[in-house]
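Asker: below are the sequence and a predicted model; questions follow.
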Amino acid sequence: MASKSGKATALWKALREFSGKLPGRVKGLPRWTHVLGIVVIVGIVAALVAPYFLDVDRYRTAVATTIEQQTGRPVSIGKIRARLLPSVGFVIEDFRLGNPSGFGAGDVLTADVVKGNLAFWPLLRKEFQLRSLEIVRPRLLLLENDSGQTNYGDFPARHSSGVPPRGGSAAPAGMQLAEIDTVELKDAEVTLGRITGRSGDVLPSLRARKLSAELRHVALAPLEVKRWEVEAPLSGALLELPGWKDAVKFQSGRVHLRGGAVESEFRAALGKSSEAKGSLHVADVEHGVVAFALEASQLDVGELLPSRGTGPRSAHATHPARSELMAQGHLSVERLRWSPYTANNVRADLRVFNDRVELWPLQMETYGGVLQISARADRTQMPERFSANVQVHNLDVGRMLSASSALKGKLSGAGELNLQLFGALSEQWQRSLSGSGRFAVRDGRLPRLDLSGTLQTLANLAGAGGETAFRVIEGDVSLAGGRVASRTIHLDSPHGTIDLHGSCTLDGTLDYEGQAVLAPGAGGGAQNSTEAIGAILGSVLRRDVGRVSVPFSLRGTFANPKIFPGRGLPAIGSPQSASPLQEQKKSILDIFRKP
């Protein structure tokens, strides 16, 4: 009380000094204006001094209890101070509005400071009605549980049955939460998330920071969101999404809520990856589906996603009572880069359900071909599982591999792929991959491979070198345990055929066994290398050679493949035993020779 008296004394002293300096009559003004000025000054000083003598903090517990009764949520508030200017009101420090029952410990809303203004005329009837609120640095945690219930829904009011408020003092008479004309949020933070499993762990889905907004006609008892009007500038706001390297920073835009509908248009920077413009629409904020569109001229996936993993995730799954569509929209990017590869005209439709996310489909133009992906991520499992169907048509394999210095020039042709994939969105996503499919590369060329032992001797004898043309390379693929296996890979060229089986790792280490079939004499000329080999083998065996089957092993890596002799010995057939198709084939040595 001593500090309050000291501040009041200082104010009265300043007033006396100011009054002593005023002239008895200001030139050109009547004396009553002088009196009125003194009265106004005295009133202002009284309004500034009076709150120091009004002990409204004694109502703290009663006010908290009243808010609990009308919201159905536990409330904790710090010190309360009265305020008379610029209007009658109050200031609350450290405000906390807890979660309803069923959501565990925690708060749906916390704020450093809450400033409230009361309606004046109801005060004359001893009624306390909020006219406006200013909430400084509020933090909202909006959650949904497995049953689809939220911690921010309608207020299930809990009326007391004659029991006095906890701690003593009765609440001010007529205190109630009704409609508030204006609620202003400054530097707000909003987090959306889900409560997972029985443990009550919170799995965030997005987090927005540095938000400011003005809400009008805020009906709280009962909660009528459709009557609210919201105007929120987005410039400077930040949006954080799980699995993204950097936050989305809004450069411009606004959000409007009116009549229960939400509209927004904005421009934003997606970290260092891209700049994009978008729009958002919700027809019914209480039961509606978010419709959105996002466009970007270019997007760098490597700058958008973290380099390793997808970030921390809860170990518990959610199992909603029913599947509901929450958001759907369209994504478009003119140029996409995922180092070292690029694509153009990327288009995708995205649907977000409470239990899954669907991408149906994603389509892009890349290296003369078309890549199409349809995918789904299951949010009811932890880590989240995904499935995808990948289709590639008319891909220029040579152009695509030229983007990688390690793979440049290793293969060319028109590629096709049909692959079904399954996996987990976790740091071990590569080892979790499984699936199967088929591939083909048509009308292409292979470079000369690194041969060993007998194969190298035969190649030197035949003068094999340069590239090998082929009609098709096709086969099956299956993924499991970090390896890609094939039961059969078949190469058909004008010089012979090759059949492989084996596997490789995802980092490109090769482990294949194969057999090459060659048919000397198919070239129709003594100078032909297969003719020369056939003549040599024929002279050694003292009989005509029609077909030679050579086993070999393929080792090394995609960047540096090597061929070694395989298990077993070459098989040699006579011309009579060769079929018409086989008679058109040439030797394995010509497979490594430019036609």
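Answerer: Perfect, I can see it now.

Asker: immediately after the helix or strand harbouring N418, which helix or strand?
Answerer: Element membership of N418, judged by DSSP states H and E, is strand 412-424. Sequence order places helix 429-432 as the next helix or strand after strand 412-424, per DSSP H and E.

Asker: contact partners of that next one?
Answerer: Helix 429-432 is contacted by residues T310, G423, A424, S426, G481, G482, L506 when judged by Cβ atoms under 8 Å, 6 or more residues apart in numbering. Heads up, the C-betas are built off the backbone N, CA and C, glycines and all.

Asker: just curious, which of the residues you listed is nearest to K408?
Answerer: Nearest to K408 among those: L506, at 19.8 Å, using Cβ to Cβ.

Asker: please verify my assumption that that closest one contacts V484.
Answerer: Yes: using Cβ atoms under 8 Å, L506 is in contact with V484, at 6.9 Å.

Asker: who has more neighbours, those two?
Answerer: Shown here are L506 and V484; by other Cβ atoms under 10 Å, V484 has more neighbours (16 against 12).

Asker: enumerate every residue touching the more buried one.
Answerer: V477, S478, S503, C504, T505, L506.

Asker: could you dump the helix or strand containing it to PDB, C-alpha only?
Answerer: Using DSSP H and E, V484 falls within strand 483-493. Taking Å, rounded to 0.1, in the frame of the first residue of the first chain, the C-alpha atoms of strand 483-493 are listed here in PDB:
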ATOM      1  CA  ARG A 483      18.000 -55.000 -52.500                       C
ATOM      2  CA  VAL A 484      16.500 -55.000 -55.900                       C
ATOM      3  CA  ALA A 485      16.300 -58.600 -57.300                       C
ATOM      4  CA  SER A 486      15.300 -60.000 -60.700                       C
ATOM      5  CA  ARG A 487      14.500 -63.600 -61.700                       C
ATOM      6  CA  THR A 488      15.000 -62.800 -65.400                       C
ATOM      7  CA  ILE A 489      16.600 -60.000 -67.300                       C
ATOM      8  CA  HIS A 490      16.700 -60.600 -71.000                       C
ATOM      9  CA  LEU A 491      18.800 -58.600 -73.600                       C
ATOM     10  CA  ASP A 492      18.100 -59.100 -77.300                       C
ATOM     11  CA  SER A 493      20.500 -57.600 -79.800                       C
END
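
Asker: identify each buried residue in the helix or strand following it, please.
Answerer: Counting by DSSP H and E, the next helix or strand C-terminal to strand 483-493 is strand 496-505. Within strand 496-505, the residues that count as buried by 16 or more other Cβ atoms under 10 Å are G496, T497, I498, D499, L500, G502, S503, C504.

Asker: find me the pLDDT at the first one, would you?
Answerer: Pointing back at G496 there. What the model reports as pLDDT for G496 is 77.

Asker: distance of it relative to K410?
Answerer: As judged by Cβ to Cβ, to the nearest Å, G496 and K410 stand 20 Å apart.

Asker: repeat for the third one
Answerer: Applying Cβ to Cβ, one obtains 16 Å for the distance of I498 from K410.

Asker: S252 touches R267, doesn't it?
Answerer: Yes: between S252 and R267 there is a contact at 4.9 Å, judged by Cβ under 8 Å.

Asker: pLDDT check: weakest of the contacts of helix 429-432?
Answerer: Within the set of the contacts of helix 429-432, pLDDT is lowest for T310 (45).

Asker: how about I195, nearest residue that isn't a chain neighbour?
Answerer: N145 (4.7 Å; Cβ to Cβ, 6 or more residues apart in numbering).

Asker: quick one: residues contacting the one you found.
Answerer: G102, F103, R194, I195.

Asker: how about Q381, secondary structure?
Answerer: Secondary structure for Q381, judged by DSSP: H, G, I helix; E, B strand; the rest coil, is coil.

Asker: looking at it now. What's its pLDDT?
Answerer: Per-residue pLDDT puts Q381 at 73.

Asker: just to revisit the earlier point, need the max-distance pair from the contacts of helix 429-432.
Answerer: T310 and G481, at 20.5 Å, using Cβ to Cβ across the contacts of helix 429-432.

Asker: neighbour count for these two, which is higher?
Answerer: T310 (17 against 12).

Asker: still on that earlier bit, partner strands of the strand holding V484, parallel or antiparallel?
Answerer: Sheet pairing for strand 483-493, assigned by DSSP bridges, gives strand 468-480 (antiparallel), strand 496-505 (antiparallel).

Asker: now render those as JSON lines, adding distance to A440.
Answerer: As requested, the strands paired with strand 483-493 are exported to JSON lines (distance: least, Cβ to Cβ, whole Å):
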{"stretch": "strand 468-480", "distance to A440": "4"}
{"stretch": "strand 496-505", "distance to A440": "14"}
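
Asker: for those strands, which one sits closest to Q69?
Answerer: Evaluated with Cβ to Cβ, those place strand 468-480 nearest to Q69, the distance being 59.5 Å.

Asker: helices and strands of this structure: which one has the lowest mean pLDDT?
Answerer: helix 580-583 (a mean of 43; mean pLDDT, DSSP states H and E).
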